[in-house]
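>>> quick one, what's the 3D model for this:
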Amino acid sequence: MHIIGNGFISRSFEPLRAQFPDVLLFGAGVSNSLCEESREFRRDADLLYSAVQHCLRHGLRLVYFSSAGMVYGNYEAEVREDGPVFPRSAYGRHKLAMETVIRASGVRHLILRIANPVGPNQQRHQLLPALYDQVRRGYVEVWSGAHRDLIDIDDVVRLTGELLASGCEREVFNLASGQSVKVEAIVDYLEQRLGAFVLRNHVDRGDFYRVCIDKMRQQLSPAACARFTATYYQQVIDTYLQRMEQPICVS
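This is a model prediction of the structure:
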């Protein structure tokens, strides 16, 4: 596997390098979903164009990480790969445009619309690190009605590997747990686990969506998504907290 990018998602795929030598994983991109800088989007697009051309020249499969939340937008029904998309941000519109570039190029590809990945060394503005920091400080801004789908980065890597091993290509998959959890419930569990008392400021700007993973379930074995139960988000948080407690080894 060839890997473009050095973020926490890209680094998590190091164990798959030897297993998929015919795959180029595009893990670069604009890291902040609130970004509105056209220069950042142009830089990302140019890098993707080069990656697509490289794959076409060398017969590689391209794995591209899109965004479930930002591409679909605020949508009350379950969001499906063949359903409508209403991106409401520059970031979401950019991701959708890059998906279109990939499909039109003819390159062998998998487009994975990822939900809210959780893992070590994330940037502090991302969902769980940001909520963790706020809970530790004792004050959280909660978007009323907001729901999120947390998925552990180890499951992202595992499911991506299983999709690649299944031989499917030129497809779009939602890569999520399929569990839409209130942000309020995530804060509740963090508060419980950290033994904290939290003051909450409720802001009326919540968005809601439920990611459908039926297509992924149909492609993979029944066991692949078996752990995605209603309490899966608590397991993700527990794992995140365990990682936070591990000492950093300096060589």
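>>> residue 88: what's its closest spatial neighbour, skipping adjacent residues?
In space, and not counting its chain neighbours, residue 88 is closest to residue 73: 4.7 Å by C-beta to C-beta, 6 or more residues apart in numbering. C-beta: built from backbone N, CA, C; applies to glycine.
>>> let me fix that, I meant to ask about residue 243.
Using C-beta to C-beta, 6+ apart, the nearest residue to residue 243 is residue 120, at 4.8 Å.
>>> before we move on, what SS does the one you found have?
coil (DSSP: H, G, I helix; E, B strand; the rest coil).
>>> contacts only, for it.
By C-beta atoms under 8 Å, 6 or more residues apart in numbering, the contact list for residue 120 reads 8, 153, 243.
>>> low pLDDT regions in the stretch 51-200 of the chain?
Residue ranges of the stretch 51-200 of the chain with pLDDT under 70: 75-76.
>>> do a quick rundown of the helices in it.
Using DSSP state H, counting those that start in this stretch, the helices of the stretch 51-200 of the chain run over 68-72, 90-105, 127-137, 153-165, 183-194.
>>> ok, and what's touching the shortest one?
So that's helix 68-72. 33, 79, 83, 85-87, 89, 91-92, 95-96, 99, 113-116, 148-149, 174-176, 207, 209, 211.
>>> can you classify residue 19 as helix, strand or coil?
coil.
>>> that one contacts residue 161, correct?
Yes: Residue 19 is in contact with residue 161 according to C-beta atoms under 8 Å; the separation is 6.8 Å.
>>> any chance of the helices of the stretch 51-200 of the chain in JSON lines, plus mean neighbour count and distance to residue 223?
Output for the helices of the stretch 51-200 of the chain, formatted as JSON lines (neighbours: other C-beta atoms under 10 Å; distance: least, C-beta to C-beta, whole Å):
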{"stretch": "helix 68-72", "mean neighbour count": "24", "distance to residue 223": "23"}
{"stretch": "helix 90-105", "mean neighbour count": "18", "distance to residue 223": "29"}
{"stretch": "helix 127-137", "mean neighbour count": "17", "distance to residue 223": "26"}
{"stretch": "helix 153-165", "mean neighbour count": "19", "distance to residue 223": "10"}
{"stretch": "helix 183-194", "mean neighbour count": "17", "distance to residue 223": "26"}
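>>> dump those to CSV, plus distance to residue 49.
Formatted as CSV, the helices of the stretch 51-200 of the chain follow (distance: least, C-beta to C-beta, whole Å):
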stretch, distance to residue 49
helix 68-72, 20
helix 90-105, 7
helix 127-137, 29
helix 153-165, 23
helix 183-194, 36
